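Enquirer: the following block contains a protein sequence and its predicted model.
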Amino acid sequence: MGNKTKSLGLVGLGMVAGIAVSMQFSALAQRAGSPLPLEELRTLSEVFSLIKSDYVEQVDEKKLVQDAISGMVASLDPHSTYLDKSAFKEMRESIHGKFVGIGIEVGMEDGYVKVVAPIEDSPAWRAGIKAGDLITRLDSQPLKGLTLDEAIKKMRGEPRSKVVLTVSRKTEDKPLLIPIVREEIRVQSVKVKMVEPGYAWLRISQFQEPTVEDMAKKLAALYAKEPNIKGMVLDLRNDPGGVVQGAIGVSAAFLPKDALVVSTDGQLADSKQTFHATAENYTFRSGADPLAKLPAALKTVPLVVLVNGGSASASEIVAGALQDYKRATVMGSQTFGKGSVQTLRQISADSAVKLTTARYFTPNGRGIQAKGIVPDVLVDETAEGDAINHLRLREADLQKHLANGDGEETPGRIRRDELEEETRLLAAAKKQKPFEFGSKEDFQLEQALRHFKGLPVKTAKPELAAK
């Protein structure tokens, strides 16, 4: 299979810690050769009939079957899921970077919706929702017991409609009631600016279809005004991932032509693939290469990549590739560890199953899954420490997470019996002051600039080092 065919199959979701999805619509006939467990299917049929005949009230047959499919797929790992008509539609909208909602990337923890990251400039971001918040209720209705897809549906709605979130925040003693007005979310995934004379800041908040083209335009305009940039910071903190072509394109802007960016490996033959820094691997439609007119200086400009525990999936691909080629110094804290590939199998005109089919590997063959990318230089998020980041759940903390595949079990953030350690981190987290990425109060950005200038960098405090 040629690279062009493979690259057209890559799309992504930004719902759960940055999901990278391979869009492959295989016919059912291709899988017809697999033997079916007839005895178990007979049991399933008997249970279905029993519910239909004996349950206390009538049930919707279609919903019963859909729930059975959903439960079967969800039992595999945190990222495999059944997409009904509504969820399938929402997924396609998110790929294009717009949808109606409150603007958060979410996962699940203890039956509640956990905020992986608020989308910048969204209603949730403006209302003060923070990474790590647990949303326990929507308009006083409890979320516990709902699936993630069901909870997401409740957070979506009509433009200008209002919803009140009940939020549990570890640094607060009492639940917070936060009113938010839904609006169409148009995620501007790329920000570029000069933070000091000679030093640029490139922020990718999420990888979408327009990301590579948008980045190329903004970097070209920046170099037209500032042709002598001495260092660039690529900020991937709290970037949950998204469209994998975007990750390949961002990597390609800084790597040599045709360099290997990422590979995948799984059970199926078509899951064993390699993706290089070529236009056919990061463009969605035929046409001009969006990176063709970028200044040549981008290939050699000193580069620092900032990451944290909210950097997942596609952002880990970029950080891993630039680190393997020693093209950049990676700074911050260990990334989330979402290194699995999901394949979207369309099973009807408006429904699909998103199934984990492969693992991602960096150019040097390092597995990302459940391990993430460890920075070259560990730097705390604030001058007071990195407690909030260390309190985040990572892929290795998720129930039924896929192992790395190297035979070694990766420990999660904190074992549940380490209550003393968690208590200490909570106390430290309360002392950390909020700040905006790219601002003058951004401690990690300050350390990146010191690195460029050859000045001492304040590295992470040992007592708060990740487990």
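Expert: Now that the structure is in, tell me what you want to look at.
Enquirer: for stretch 309-318, measure first residue to last.
Expert: Its start and end residues considered, stretch 309-318 measures 15 Å (Cα to Cα, to the nearest Å).
Enquirer: element containing residue 399, please.
Expert: For residue 399, there is no helix or strand it lies in under DSSP states H and E.
Enquirer: what's the burial count for it?
Expert: Around residue 399 there are 8 other residues, counting by other Cβ atoms under 10 Å. In short, each C-beta sits where N, CA and C put it, glycine included.
Enquirer: which residue, other than its chain neighbours, is closest to it?
Expert: Among residues not flanking residue 399 along the chain, residue 78 sits closest, at 7.1 Å (Cβ to Cβ, 6 or more residues apart in numbering).
Enquirer: residue 394 is in contact with the one you found, correct?
Expert: No. At 11.6 Å, residue 78 and residue 394 do not qualify as touching, with contact defined as Cβ atoms under 8 Å.
Enquirer: those two: which has the busier surroundings?
Expert: residue 394 (26 against 21).
Enquirer: ok, which stretches of the stretch 201-350 of the chain are helices?
Expert: 211-225, 244-254, 314-324 (DSSP state H, counting those that start in this stretch).
Enquirer: helices or strands up against the second one?
Expert: Where contact means 3 or more Cβ pairs under 8 Å, 6 or more residues apart in numbering; DSSP states H and E, helix 244-254 is packed against strand 10-13, helix 211-225, strand 260-266, helix 314-324.
Enquirer: coming back round to it: rebuild the helices of the stretch 201-350 of the chain as a markdown table, extending it with mean pLDDT, distance to residue 59 and mean neighbour count.
Expert: Conversion of the helices of the stretch 201-350 of the chain to a markdown table gives the following (pLDDT from 0 to 100; distance: least, Cβ to Cβ, whole Å; neighbours: other Cβ atoms under 10 Å):
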| stretch | mean pLDDT | distance to residue 59 | mean neighbour count |
| --- | --- | --- | --- |
| helix 211-225 | 97 | 44 | 18 |
| helix 244-254 | 96 | 39 | 28 |
| helix 314-324 | 97 | 40 | 29 |
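Enquirer: surely residue 328 meets residue 234?
Expert: Yes. With contacts counted by Cβ under 8 Å, residue 328 reaches residue 234, the gap being 6.9 Å.
Enquirer: what sits in contact with each of those two?
Expert: Applying Cβ atoms under 8 Å, 6 or more residues apart in numbering, one finds that residue 328 and residue 234 are jointly contacted by 254, 303, 304, 305, 322.
Enquirer: ok, of these, which one's closest to residue 401?
Expert: residue 305 (24.5 Å; Cβ to Cβ).
Enquirer: if we can go back for a sec, nearest to residue 124, of the shared contacts of residue 328 and residue 234?
Expert: residue 305 (25.9 Å).
Enquirer: domain map for the chain?
Expert: Using automatic domain parsing, the domain parsing of the chain gives 100-186, 190-464.
Enquirer: for the shortest one, what does the pLDDT average out to?
Expert: Spelled out, it's domain 100-186. What domain 100-186 shows for mean pLDDT is 88.
Enquirer: where along the stretch 351-467 of the chain do the strands fall?
Expert: Assigned by DSSP state E, counting those that start in this stretch, the strands in the stretch 351-467 of the chain fall at 351-361, 377-378.
Enquirer: thinking again about what came up before, highest average neighbour count across the domains of the chain?
Expert: For the domains of the chain, the largest average neighbour count (mean count of other Cβ atoms under 10 Å) is found in domain 190-464, namely a mean of 20.
Enquirer: can you map out the strands along the stretch 51-200 of the chain?
Expert: 81-83, 98-101, 104-109, 112-118, 134-138, 141-142, 162-168, 176-181, 183-186, 190-196, 199-204.
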